[in-house]
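1. Need the 3D shape of this:
(5 chains)
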Amino acid sequence: MDIATILGVISAFGLVWIAIFMGGGIQLFINIPALMIVVGGTLGATMINYPLRDVFGVFKVVKKALFARNTSVAELIKRFMAFAQKSRKEGILALEVELKEVNDEFLKKGVQLAIDGLEPQEINDILETEVEFVRSRHQLGAEIFSTMGTFSPALGMIGTLIGLVQMLQTMDDPSRVGPAMAIALLTTFYGSIIANIVCLPISGKLRTRSREEVLTKEMAIQGIVSLSNGDNPRILEQKLQAFIPPNQRESS
Amino acid sequence: MDIATILGVISAFGLVWIAIFMGGGIQLFINIPALMIVVGGTLGATMINYPLRDVFGVFKVVKKALFARNTSVAELIKRFMAFAQKSRKEGILALEVELKEVNDEFLKKGVQLAIDGLEPQEINDILETEVEFVRSRHQLGAEIFSTMGTFSPALGMIGTLIGLVQMLQTMDDPSRVGPAMAIALLTTFYGSIIANIVCLPISGKLRTRSREEVLTKEMAIQGIVSLSNGDNPRILEQKLQAFIPPNQRESS
Amino acid sequence: MDIATILGVISAFGLVWIAIFMGGGIQLFINIPALMIVVGGTLGATMINYPLRDVFGVFKVVKKALFARNTSVAELIKRFMAFAQKSRKEGILALEVELKEVNDEFLKKGVQLAIDGLEPQEINDILETEVEFVRSRHQLGAEIFSTMGTFSPALGMIGTLIGLVQMLQTMDDPSRVGPAMAIALLTTFYGSIIANIVCLPISGKLRTRSREEVLTKEMAIQGIVSLSNGDNPRILEQKLQAFIPPNQRESS
Amino acid sequence: MDIATILGVISAFGLVWIAIFMGGGIQLFINIPALMIVVGGTLGATMINYPLRDVFGVFKVVKKALFARNTSVAELIKRFMAFAQKSRKEGILALEVELKEVNDEFLKKGVQLAIDGLEPQEINDILETEVEFVRSRHQLGAEIFSTMGTFSPALGMIGTLIGLVQMLQTMDDPSRVGPAMAIALLTTFYGSIIANIVCLPISGKLRTRSREEVLTKEMAIQGIVSLSNGDNPRILEQKLQAFIPPNQRESS
Amino acid sequence: MDIATILGVISAFGLVWIAIFMGGGIQLFINIPALMIVVGGTLGATMINYPLRDVFGVFKVVKKALFARNTSVAELIKRFMAFAQKSRKEGILALEVELKEVNDEFLKKGVQLAIDGLEPQEINDILETEVEFVRSRHQLGAEIFSTMGTFSPALGMIGTLIGLVQMLQTMDDPSRVGPAMAIALLTTFYGSIIANIVCLPISGKLRTRSREEVLTKEMAIQGIVSLSNGDNPRILEQKLQAFIPPNQRESS
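-> This is a model prediction of the structure:
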């Protein structure tokens, strides 16, 4: 789990937590029916909206986005430089041994295609198709979370309306108006928290991660195609460095 | 009706229902004039917005989106493999017998065109036109539902304003203020429910379904054109598998 | 006036009307200064926004969109079939007689151009330019109405703020608070009604109508160009039917 | 100043004025600190957002958009017809005399380029660049006003929050609650007025004016290029009339 | 720091400050827990949304956007004219001496590439890649600030809801309701201020600055490519002046 997410979760939830404790304790803010309306209603509306498979699949996408370590681009360049030098000296078939140490399935598959002798253009097409599916999977995940971030405040408001109607219809004892209204407001509170501290930031995270991962994969494709073309290692390095912001480049 | 929609409807409506019952009973939330303003007003505004034919047609589109079983893509590939093998051995005319077992009208029409000996390009053009109409019909459906999801909270607010104005003008008996305000809020409640648990999720569902159905139809077109070209069954399989995410592919 | 609009207006306004009557009578909801602020302010803001000519021109566009009977596409195909057969037998000049019975100015002009012997490409260019102006006129109309639908709730809120400020400053007699607030809310009520039952649905209607009319005109252009090319009537029919959804086609 | 703007300003501001007077007098609605927060805060946020030069430049753009008389297209066509006839008879150099009577700087520069004997393509490129700058200047103006129209209601709400916090903290005398709240609401009122009667309509006006002015300039470019090509006056007329809606054309 | 930003900050914050002081003093508006929820929560949600590196990097981008003096375009043209004249007389290698006085890293690198004898097309590609990274860095910065401007009012509302729930549950002493509500409103106040006077205007500033800087860099690329081509100084001047609005041009 990357450090930004940890810090973000701590500061966002932690501060809300502290504010709640300073004002008199967490028990005022726990109301199971209110939570059920917001969470259940939001999930319900989302499940009407998207196929079940996609709604559940989104959690896998999130887990991967939060925990998977992205291949470092500097490492990737180094690896390709090594591949290119070995391939130049001993022929591309010699890479077969190296592949055993590669964990990245995408990279492994791509280099294997180069070893198998497919045309560079074919390799490019096959890998681009995979990248396209990765991108659309991420995009669907981001879209599902922003949909949930749209439904949850709406469900929160629906819950508050339910509470208000019930309170107003039975308003005989004025001393009970305050607490009843407080409970009615809890669904709006839950809806806002779920939207703004959970769903929308995660949706943004998936979008950011997707951009990064797709860029790394595009670099890998460029490298594999270069290997398959038998490019000179220095030219390969230059081609890969074009993917990195100038101030992060380090020449070898 | 697919399982996600059932689960979604149960969890969304069920939880709202439970919350209402726990707070004192459903009769507080039933108000026929309020329901009439929101439902009638929303349908009215929608009927000014779209031709009558489209507004009524949308229910057929929804029914189909919720209940029609989509052709499974794995099944579709298998079927095309069988077609291709038979066509290779016994000629494309032999497919005429197979067609009797096909329920999918689109597939039937397309293969018939191939049997009739039209050029692959012509077949492609004719079928793409049909897909275009399917897509625009779905899109219109999704658009009508999201329009309704925009009008219904607005009508809910109009109803609440009517209730508030009436209440405020005749506010002589303070004990009646609460119940009158509760009733005024009901239209806002109805408007939110209709928008967020009915119209907007269904609009999303139509969009999702459309994407799926169009993809399946595009696969079918690719398969039919391949048949018409007399492609080798293995090549046909590869062409069709390009439409499936890599992790769902199964080679035969 | 098409039936959907009539039904829409009746159900939307009718239900609001009923709700108002059930709650004590229409006189609570009539307030001339409030109506003046909302209607006048909305028109004012719109007139600052658009040239006077366009604001007034929009009413003509609306009238036409609501009342003009669209040429039926089936009828249009039949007419072109007849034209094509006559033109084949007696030459294109023979169509001059037929034109006298044509009411549609656009169709008349187009066929006249074909009779006059212009090149098909020239005819196409001239007519497409006219369609482009029709489309941009409709689009401007839809835009003006959605602008009004944005300004009217804002003006409604401004009116309510005026009422609230006046009420709050002179709040010596508590019994007058209720009615004064009711009147203040009326501008918000008017603003919502004007936006959601009048302006936004009409804006949508203009967009829908525009799509239909442009499609019919595109069909007519295709037909006229076909006539000018001397196409076989059956080919002309097929070309025109490509504009109709498959399930609405009827072969002759 | 065009008549639509005058009418719009009168009806929008006039009606708000009348509503205020009918309710007890303008002095309730004047509050200098409230006005300072909204106007100053909006200008401040806008000046952080845009360079000073652009913020001040926008007033010149608005003045021009409201007061400058647009060249009438009919007049423009007549002028070009005269130019073309003279140029045909006496050569293009004869236009130098005519130019002295032309006020439109853009037209003057363009025709001068044609007299100087530049290639039509070069003339077109130079003038299109100028039009591009005119368009982007207008667009920036429209964007600045719509930014102000977004900030002013937000600043209005900030002012109201300040007023509410102050009122609530010192709520010992109930009779002062009403007037204090009225004053707090004034900033929201100012913010809404500034956004919806001033900034947003002006932003729309700049966009509309820009479309018109660019169209007129495009017509002029077409005419100048035609002159430079030595086109026949009738052909030039036809080319220019393609810019006018069919129902406004008048053949000469 | 440019003068518009200073003026903007003074007028926006200053006026809010004055309004607060006129109403009774700043101490009513200071509430550390409220500030912690809004600032911490907004930063938290932003850190979940974006990688830590990007969130911290954005401050560098802002500092540069506010304080860095943009190269004046007039100066840039003059410099390129001098370069071009020297290069014409003494050869492009003579520019090496001039480069020592150039502070702009981008310009320095570009001219060095020309001195090194790379092809104009290669120079263009290398520099365009750098500009592309500058642009995407600015765009990311603007996006992060507008994300913060979306989260901060939401967090403000969450804080207000926390305050309201606490107040309503313990509403035994009516005299404490006012101050408690005032404190609850403070988070909404902070959220609005942070969004509308800090985050959104800065986001806009970054976008404006980016446009300017990219334009200047595009001019520099054009100039360097021209140098490398050995263009005549006058032609180079004309090419560069095409980037400036006509009314700001000064011929040399």
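2. give me every residue that touches the residue of chain A found nearest chain D.
-> The minimum distance from chain A to chain D, using CB to the nearest CB, falls at A:Gly178 (16.1 Å). From N, CA and C alone the C-beta is placed, and that goes for glycine too. Applying CB atoms under 8 Å, 6 or more residues apart in numbering or on different chains to A:Gly178 gives the contacts E:Met167, E:Leu168, E:Gln169, E:Thr170, E:Met171.
3. Could you identify the least confident member of the residues you listed?
-> Within those, pLDDT reaches its minimum at E:Met171, with 67.
4. What segments of the stretch 1-150 of chain A are helices?
-> A:3-22, A:32-49, A:52-67, A:73-90, A:95-99, A:105-115, A:120-169 (DSSP state H, counting those that start in this stretch).
5. how about these in TSV, adding mean neighbour count and distance to D:Asp231?
-> Formatted as TSV, the helices of the stretch 1-150 of chain A follow (neighbours: other CB atoms under 10 Å in any protein chain shown; distance: least, CB to CB, whole Å):
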stretch	mean neighbour count	distance to D:Asp231
helix A:3-22	18	65
helix A:32-49	24	59
helix A:52-67	16	61
helix A:73-90	17	59
helix A:95-99	14	67
helix A:105-115	19	59
helix A:120-169	21	49
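6. Distance to C:Ala19 added to these, as JSON lines?
-> Putting those into JSON lines (distance: least, CB to CB, whole Å) gives the following:
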{"stretch": "helix A:3-22", "distance to C:Ala19": "41"}
{"stretch": "helix A:32-49", "distance to C:Ala19": "27"}
{"stretch": "helix A:52-67", "distance to C:Ala19": "39"}
{"stretch": "helix A:73-90", "distance to C:Ala19": "64"}
{"stretch": "helix A:95-99", "distance to C:Ala19": "73"}
{"stretch": "helix A:105-115", "distance to C:Ala19": "61"}
{"stretch": "helix A:120-169", "distance to C:Ala19": "17"}
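7. Quick check, A:Met148 in contact with A:Thr42.
-> Yes: in this structure, A:Met148 is within contact of A:Thr42 by CB atoms under 8 Å, at 5.5 Å.
8. re the thing from before, what's the closest of the contacts of A:Gly178 to B:Thr129?
-> Using CB to CB, E:Leu168 is the member of these that sits closest to B:Thr129, with 61.4 Å.
9. Pull up the overlap in contacts between A:Met148 and A:Thr42.
-> Joint contacts of A:Met148 and A:Thr42 (CB under 8 Å, 6+ apart) are A:Ile194.
10. pLDDT below threshold where in the stretch 101-250 of chain A?
-> Applying pLDDT under 70 to the stretch 101-250 of chain A picks out residues A:171-172, A:247-250.
11. Which single residue of it ends up nearest chain C?
-> Residue of the stretch 101-250 of chain A nearest chain C, by CB to the nearest CB: A:Leu168 (16.2 Å).
12. For burial, what's the neighbour tally of the closest residue to that residue other than its chain neighbours?
-> The shortest distance from A:Leu168 to any non-neighbouring residue, by CB to CB, 6 or more residues apart in numbering or on different chains, is to B:Ala182 (3.7 Å). By other CB atoms under 10 Å in any protein chain shown, 23 other residues sit near B:Ala182.
13. tell me which residues in the host helix or strand of B:Ala182 are buried?
-> Using DSSP states H and E, B:Ala182 falls within helix B:177-193. Within helix B:177-193, the residues that count as buried by 16 or more other CB atoms under 10 Å in any protein chain shown are B:177-193.
14. Stretch A:34-54 and chain E, any residue contact?
-> No: judged by CB under 8 Å from any CB of the partner chain, stretch A:34-54 stays clear of chain E, getting no closer than 10.8 Å.
15. Show me which residues of the stretch 51-200 of chain A are close to chain E?
-> The stretch 51-200 of chain A comes close to chain E at residues A:178-179, A:181-182, A:185-186, A:188-189, A:192-193, A:195-197, A:200, as judged by CB under 8 Å from any CB.
16. and with 6 Å instead?
-> Taking CB under 6 Å from any CB of the partner chain, the part of the stretch 51-200 of chain A that reaches chain E is made up of A:Gly178, A:Pro179, A:Met181, A:Ala182, A:Leu185, A:Phe189, A:Ser192, A:Asn196, A:Ile197.
17. Can you tell me what sits against stretch A:31-48?
-> Here stretch A:31-48 makes contact (CB atoms under 6 Å, 6 or more residues apart in numbering or on different chains) with A:55, A:147-148, A:151-152, A:155-156, A:159, A:183, A:186-187, A:190-191, B:4-5, B:7-8, B:11-12, B:15, B:19, B:22, B:197, B:201, B:205.
18. how about A:Ser228, what does it touch?
-> Applying CB under 6 Å, 6+ apart to A:Ser228 gives the contacts A:Ala114, A:Pro120, A:Ile123.
19. Now the residue lying closest to the first one once chain neighbours are set aside: which helix or strand?
-> Right, the one you point to is A:Ala114. Distances taken as CB to CB, 6+ apart put A:Ser228 closest to A:Ala114, at 4.0 Å, once the chain neighbours are dropped. Counting by DSSP H and E, the element that carries A:Ser228 is helix A:200-229.
20. Run the chain-centre distance for that helix.
-> 13 Å (CA atoms, centre = their mean, to the nearest Å).
21. how about the residues of the stretch 51-200 of chain A near chain B?
-> Listed as neighbours of chain B in the stretch 51-200 of chain A under the rule CB under 6 Å from any CB: A:51-52, A:130, A:133, A:151, A:154, A:157-158, A:161-162, A:164-166, A:168-169, A:171.
22. Taking the centroid of chain A, which residue is nearest it?
-> For chain A, the residue nearest the mean C-alpha position is A:Leu206 (2.7 Å; CA atoms, centre = their mean).
23. re earlier: format the CA atom coordinates belonging to the helix holding B:Ala182 as PDB.
-> As requested, the backbone C-alpha atoms of helix B:177-193 are provided in PDB (Å, rounded to 0.1, in the frame of the first residue of the first chain):
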ATOM      1  CA  VAL B 177     -47.100  22.600  11.200                       C
ATOM      2  CA  GLY B 178     -45.100  19.500  11.700                       C
ATOM      3  CA  PRO B 179     -47.400  17.100   9.800                       C
ATOM      4  CA  ALA B 180     -48.000  19.600   7.000                       C
ATOM      5  CA  MET B 181     -44.200  20.000   6.600                       C
ATOM      6  CA  ALA B 182     -43.800  16.200   6.600                       C
ATOM      7  CA  ILE B 183     -46.200  15.900   3.800                       C
ATOM      8  CA  ALA B 184     -44.600  18.700   1.900                       C
ATOM      9  CA  LEU B 185     -41.200  16.900   2.200                       C
ATOM     10  CA  LEU B 186     -42.700  13.700   0.800                       C
ATOM     11  CA  THR B 187     -42.600  15.000  -2.800                       C
ATOM     12  CA  THR B 188     -38.900  15.700  -2.500                       C
ATOM     13  CA  PHE B 189     -38.500  12.200  -1.000                       C
ATOM     14  CA  TYR B 190     -40.400  10.600  -4.000                       C
ATOM     15  CA  GLY B 191     -38.400  12.700  -6.400                       C
ATOM     16  CA  SER B 192     -35.100  11.500  -4.900                       C
ATOM     17  CA  ILE B 193     -36.100   7.900  -4.800                       C
END
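24. how much does that helix deviate in direction from helix A:177-193?
-> Orientation check (axes from the mean of the first three to the mean of the last three CA atoms, to 10 degrees): helix B:177-193 against helix A:177-193 gives 10 degrees.
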